[in-house]
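Student: dropping the sequence and predicted coords here.
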Amino acid sequence: GQSLEQPSEVTAVEGAIVQINCTYQTSGFYGLSWYQQHDGGAPTFLSYNALDGLEETGRFSSFLSRSDSYGYLLLQELQMKDSASYFCAVRGGNTPLVFGKGTRLSVIA
Amino acid sequence: GAVVSQHPSRVICKSGTSVKIECRSLDFQATTMFWYRQFPKQSLMLMATSNEGSKATYEQGVEKDKFLINHASLTLSTLTVTSAHPEDSSFYICSARGGTAQETQYFGPGTRLLVL
């Protein structure tokens, strides 16, 4: 099966940088994904890493180290609207996405 | 990216009634569809996986007779919550994937169910 660990809560100041870590255990590995979910909404796709390294998409970057079974989501130039829950998710082999428990990010002024 | 729709977006029903939720892939053929459930302040928990034309595979602890899943076509899957009770109140989210396991899962907007 798959299991993921990520911090439950993070608080950061507007304009700052925050990193949300995720470690995972999985049999078979197709990639690590990150999703953002605002209260009351459905998860929206942010990024996907299948290979080691850093993927950058605007203010958001995601990193993967397959040898360490570790990844992180980096959010730069934080804005109040970035306050949300962030989930890492893995797919191991021909299985559906399994989500971590989520990290609730609070951006404060 | 691909679009997945769900209907209804919100439903309120009386205890003991059945509720049907539809999930449609609008611009691709969804060989596999997944149903997730999310309780407040918790993560998305996979309920079941369905492949077009075959029976759904349910996760441990999910009652297949209570949560009926039908995946009759490559663009439509339905989840029916039978004899709903207040504890079934939750956010139900479907997800669809194309033909190969490497393909991205696309998520619907979710259906918020409240059972009174």
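Tutor: All right, it came through fine.

Student: quick one, what contacts residue B:16?
Tutor: B:83-85 (CB atoms under 8 Å, 6 or more residues apart in numbering or on different chains). Bear in mind the C-beta positions are built from the backbone N, C-alpha and C, glycine included.

Student: what bridges to residue B:68?
Tutor: residue B:80 (DSSP bridges).

Student: and what of residue A:70?
Tutor: residue A:23, residue A:65.

Student: could you do residue B:57 as well?
Tutor: Going by DSSP bridges, residue B:57 forms beta bridges with residue B:49.

Student: tell me which residue is most central in chain B.
Tutor: residue B:35 (3.5 Å; CA atoms, centre = their mean).

Student: which strand or helix spans it?
Tutor: Element membership for residue B:35, per DSSP states H and E: strand B:32-38.

Student: and if you look at residue B:30?
Tutor: With DSSP H and E as the criterion, residue B:30 is inside neither a helix nor a strand.

Student: quick one: the strands in chain A, in order.
Tutor: Remark: strands assigned in chain A by DSSP state E are A:3-5, A:9-13, A:18-25, A:31-37, A:44-49, A:53-57, A:60-65, A:70-75, A:84-91, A:98-99, A:103-108.

Student: okay, those strands in JSON lines with distance to residue B:44, mean neighbour count and mean pLDDT next?
Tutor: Below are those laid out as JSON lines (distance: least, CB to CB, whole Å; neighbours: other CB atoms under 10 Å in any protein chain shown; pLDDT from 0 to 100):
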{"stretch": "strand A:3-5", "distance to residue B:44": "12", "mean neighbour count": "16", "mean pLDDT": "92"}
{"stretch": "strand A:9-13", "distance to residue B:44": "18", "mean neighbour count": "13", "mean pLDDT": "97"}
{"stretch": "strand A:18-25", "distance to residue B:44": "15", "mean neighbour count": "18", "mean pLDDT": "96"}
{"stretch": "strand A:31-37", "distance to residue B:44": "9", "mean neighbour count": "23", "mean pLDDT": "93"}
{"stretch": "strand A:44-49", "distance to residue B:44": "13", "mean neighbour count": "18", "mean pLDDT": "90"}
{"stretch": "strand A:53-57", "distance to residue B:44": "22", "mean neighbour count": "12", "mean pLDDT": "93"}
{"stretch": "strand A:60-65", "distance to residue B:44": "19", "mean neighbour count": "19", "mean pLDDT": "97"}
{"stretch": "strand A:70-75", "distance to residue B:44": "17", "mean neighbour count": "21", "mean pLDDT": "97"}
{"stretch": "strand A:84-91", "distance to residue B:44": "7", "mean neighbour count": "24", "mean pLDDT": "93"}
{"stretch": "strand A:98-99", "distance to residue B:44": "5", "mean neighbour count": "22", "mean pLDDT": "90"}
{"stretch": "strand A:103-108", "distance to residue B:44": "14", "mean neighbour count": "17", "mean pLDDT": "97"}
